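> Sequence and predicted structure are below.
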Amino acid sequence: MASKCLRGNIKESIAKIRKAFMAGVNSVQPHELIKKHLQRKAESLEINKVNYALRNNVYVIGFGKAVIGMIRPVEEALRNSDGTSHIQEGVISVPIGIQDTFAEKPHLLPNENSIIEIVEGAKNNIPDEAAYAGARKILSLVQRLKENDLLLVLISGGGSALLPFPTPPLTLHEKSELVKSLSKKGATITELNTVRKAVSQTKGGKLASATKAEIVTLILSDIIGSPLDMIASGPTVCNTDPVDAAENILLKYDITITENLKHILDENALEKRKTNPNVNNCIIGSNETALSEVLDSITKTESDCQPVILSSSLSGEAGHIGRKMAGFAADVLEILCGNKDLQISESDLCDLCINENTPSLMDALEICRKNKTPIWLIFGGETTVEVKGSGRGGRNQEMVLAFSMSFEELQGSTSTGEVVFLSGGTDGIDGPTDAAGAITYWSSFNSEVKSQLKEAKEQGLNPDDFLRNNDSYAYFSQLSSGQYLLQPGHTGTNVMDLQILLINPFN
């Protein structure tokens, strides 16, 4: 049985959980998703079963961490047999250094003869002058288009920082500091983008309203629930936020409202919101896409186990969620070992955003308890970190560190088994680090207990100090030469985070 195969072999379990994570990441590669949603049909372009006439009238813009991977399939679809193209012009704004990062992955980059201009900027996902220059070029192109033109807009996570166009008199520096302050205080992506829409000349539907051209927007979602008006701050979606929404968020996080900012917020409240009726916004991939592939991957490769998707909306403060996840894992192990009734408290389910799938969870727990086989619990979403220390890290590493510490405290001596937990960002970047996230483990057979926390303490590391200083990256880098870090590099995609929890009871 699977439990016997896994017993005492943490390295094998960690390898399996890494493989499952990467299966999810690979399923949302933009070049493959574009091919599924965009097809050439003679002299028309079919996008999500809608046909658009091609008359050498296509223009392409894009912004986000994943859009560079969308360009090649778009250009190939619009190239004619004689080598000409229906695309007339294009500009995309992408993260700084991304072309060098993918130099050894040419299939993720545009062809050498691409007519799409590539602008790199937004270092550390913060608006900068390079991204601002790209935004000016994009807006200029959009404003020149005519009614018979077709504008393809490619959007992915990171698009907000890569299309900065603050409304005067707010300066780019002021806007960047505003975003950094909100992020540091733990503002959610929805709150950040609500403020961005209020102070921008391109977000909140303003980009679409700047042209009469027909627009098709292809979107790789990085926000829980995929709200069109929030992804990249909704440049092609009319802003329906209450007029005082942005100011209320600033007050909530005690952000100083400068004279320039106050002026813009007041103007935004009075501004008549325009719309472009000729816009078709299409989601081509999301966190749910990746979660489904994680499930399929586990089902295909693992026998005698039960994989279950529990949530695609995991949110909250990363350390808090890590501790809650640890308590949940401890309860599940107790259930699987027969030491606890088959019941999970409603508050625990609520804290981990587990709503609709409770019956499937209970069914899986019952099967695994009866057969003493592993259960794989799969989550997706995006948490936040309120930075109080001076260390480096990200939400995923912090969640894993908090889980590791809490599980050790919660686990009693009655249950034996193996627990492996992974949390990682699908874009390959967790905060200002070169890691996507991290992995931790705990294992007990009879009286022998092995765990990552014990491993750390044997190496003279105090996890509590690192967590208190928001320094999870330093912790995982120093622990066993960094072997528990997730470091796939820039993945070329971005659909928030994935969490995978493997719990294997021992007889």
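Arrived safely, thanks for sending.

> Please identify which helix or strand holds Lys262.
Lys262 belongs to helix 259-270 when assigned by DSSP states H and E.

> tell me the mean pLDDT for that helix?
In this model, helix 259-270 has a mean pLDDT of 89.

> now swap in stretch 170-184 and tell me
Stretch 170-184 carries an average pLDDT of 92.

> Going forward, the N-terminal residue is numbered 237.
Renumbered: residue one is now 237, and that last one reads stretch 406-420.

> residues of it that come out buried?
Residues 406, 408, 410-412, 414-415, 418-419 are the ones in stretch 406-420 that count as buried (16 or more other Cβ atoms under 10 Å). Where you see a C-beta, it was placed from the backbone N, CA and C, and this is true even at glycine.

> Can you tell me the strand partners of the helix or strand following the helix holding Lys498 and which way each runs?
As assigned by DSSP H and E, the chain's next helix or strand after helix 495-506 is strand 515-521. Strand 515-521 has its sheet partners listed here by DSSP bridges as strand 450-456 (parallel).

> how far is the helix or strand following the partner strand from where the chain is centred?
Remark: after strand 450-456, the chain's next helix or strand is helix 481-488, criterion DSSP H and E. Distance, stretch centre to chain centre, for helix 481-488: 24 Å (Cα atoms, centre = their mean, to the nearest Å).

> now stretch 543-556
12 Å.

> Can you measure across it, start residue to end residue?
Stretch 543-556 has an end-to-end distance of 24 Å (criterion: Cα to Cα, to the nearest Å).

> Kindly report the same for stretch 578-590.
End-to-end for stretch 578-590, by Cα to Cα: 16 Å.

> contacts for it?
546-547, 549-552, 557, 560-561, 563-564, 567-568, 571, 591, 594, 597-598, 601-602, 605, 615, 617 (Cβ atoms under 8 Å, 6 or more residues apart in numbering).

> from these, which ones fall inside strands?
With strands taken from DSSP state E, the overlap with these comprises 546-547, 549-550, 615, 617.

> what would the residues you listed look like in TSV with pLDDT, distance to Glu279 and neighbour count?
Compiled in TSV, the ones in strands among the contacts of stretch 578-590 are given as follows (pLDDT from 0 to 100; distance: Cβ to Cβ, whole Å; neighbours: other Cβ atoms under 10 Å):
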residue	pLDDT	distance to Glu279	neighbour count
Leu546	96	47	24
Ser547	96	45	22
Ser549	95	42	17
Leu550	96	45	26
Phe615	98	45	24
Gly617	96	42	22
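
> Looking at those residues, spot the one nearest Ala505.
Ser549 (30.5 Å; Cβ to Cβ).

> Wait, the closest one touches Gly617, no?
Yes - in this structure Ser549 lies within contact range of Gly617 using Cβ atoms under 8 Å: 5.1 Å.

> Residues that sit against both of the two, list them.
Residues touching both Ser549 and Gly617 (Cβ under 8 Å, 6+ apart): 460, 589.

> in the stretch 237-386 of the chain, what spans have low per-residue confidence?
The model of the stretch 237-386 of the chain has pLDDT under 70 over residues 237-244.

> Okay, strands next: where are they in the stretch 237-386 of the chain?
274-277, 280-283, 286-289, 294-299, 323-331, 352-357, 386-391 (DSSP state E, counting those that start in this stretch).

> Could you export those as CSV, including mean neighbour count and distance to Leu398?
As requested, the strands of the stretch 237-386 of the chain are exported to CSV (neighbours: other Cβ atoms under 10 Å; distance: least, Cβ to Cβ, whole Å):
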stretch, mean neighbour count, distance to Leu398
strand 274-277, 15, 22
strand 280-283, 18, 23
strand 286-289, 13, 25
strand 294-299, 27, 4
strand 323-331, 23, 4
strand 352-357, 20, 6
strand 386-391, 26, 10
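
> tell me the SS of Val431?
Three-state call for Val431 (DSSP: H, G, I helix; E, B strand; the rest coil): helix.

> which residues does it contact?
Val431 touches 414-415, 418, 423, 482, 485-486, counting by Cβ under 8 Å, 6+ apart.

> Just the buried residues of stretch 692-706, please?
In stretch 692-706, counting by 16+ other Cβ under 10 Å, buried: 692, 697, 699, 702-703, 705-706.

> Hmm, I typed the wrong one, I wanted stretch 447-457.
Buried residues in stretch 447-457, counted by 16+ other Cβ under 10 Å: 447, 449-457.
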